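S.K.: Everything below, folded, please.
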Amino acid sequence: MAAISPLSASLNVAIGGGMGALARYQLGRAMTHWLGPTVVTAFPWATLTANVLGSLAMGLLAGWLARHGGAHGEQLRLLVGIGVLGGFTTFSSFSLEMMLLIERGQPSTAFLYAAISLLAGLTGLYIGLIAMRIAA
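M.R.: A predicted model of the protein is given here:
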């Protein structure tokens, strides 16, 4: 397997990320059209759907790459796993990392990672919101 240059790796991630972000945006539009604005503003259905679909896709990709990755496995991981799925949802990466910790026999580390991720993410968002409200 030939090494991927940093430029090629970055381009794979950037192109995939653009595709994933566009897919996420179109999913939100489609769900708003399908369910109506009142329903999608009452509960974050589009985000939930993106997270579940992205996690399913990440599982399929990781399983496929483990069996058939071959010479182009790293390019696919960069393009689809980090790029497309990263642009579509970062929850898919979180789900993969959680499952790897659990499969490695580290459930307490997985729980700690989940708790810190949730609490730190919510805290960071809250601090950002407060900072912008103070600045306004």
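S.K.: Please report phi then psi for the residue positioned nearest the centre of the chain.
M.R.: The structure's the chain has its C-alpha centroid closest to Thr90; by Cα atoms, centre = their mean the separation is 2.1 Å. Dihedral angles of Thr90 (phi, psi; degrees, to the nearest 10) stand at phi -80, psi -10.
S.K.: where does it land on pLDDT?
M.R.: On the pLDDT scale, Thr90 is placed at 78.
S.K.: Equivalent analysis for the one 4 residues further on, please.
M.R.: pLDDT for Phe94: 89.
S.K.: go on, Leu129?
M.R.: The model reports Leu129 with a pLDDT of 90.
S.K.: quick one: the one helix or strand it maps to to chain centroid distance?
M.R.: Using DSSP states H and E, Leu129 falls within helix 107-135. Relative to its chain's centre, helix 107-135 lies at 17 Å (Cα atoms, centre = their mean, to the nearest Å).
S.K.: I'd like to know which elements that helix is packed against.
M.R.: With contacts taken as 3 or more Cβ pairs under 8 Å, 6 or more residues apart in numbering; DSSP states H and E, helix 107-135 sits against helix 91-103. For glycine as for every other residue, the C-beta is placed from the backbone atoms N, C-alpha and C.
S.K.: and the direction of the helix it packs on versus that of helix 107-135, what angle?
M.R.: Orientation check (axes from the mean of the first three to the mean of the last three Cα atoms, to 10 degrees): helix 91-103 against helix 107-135 gives 150 degrees.
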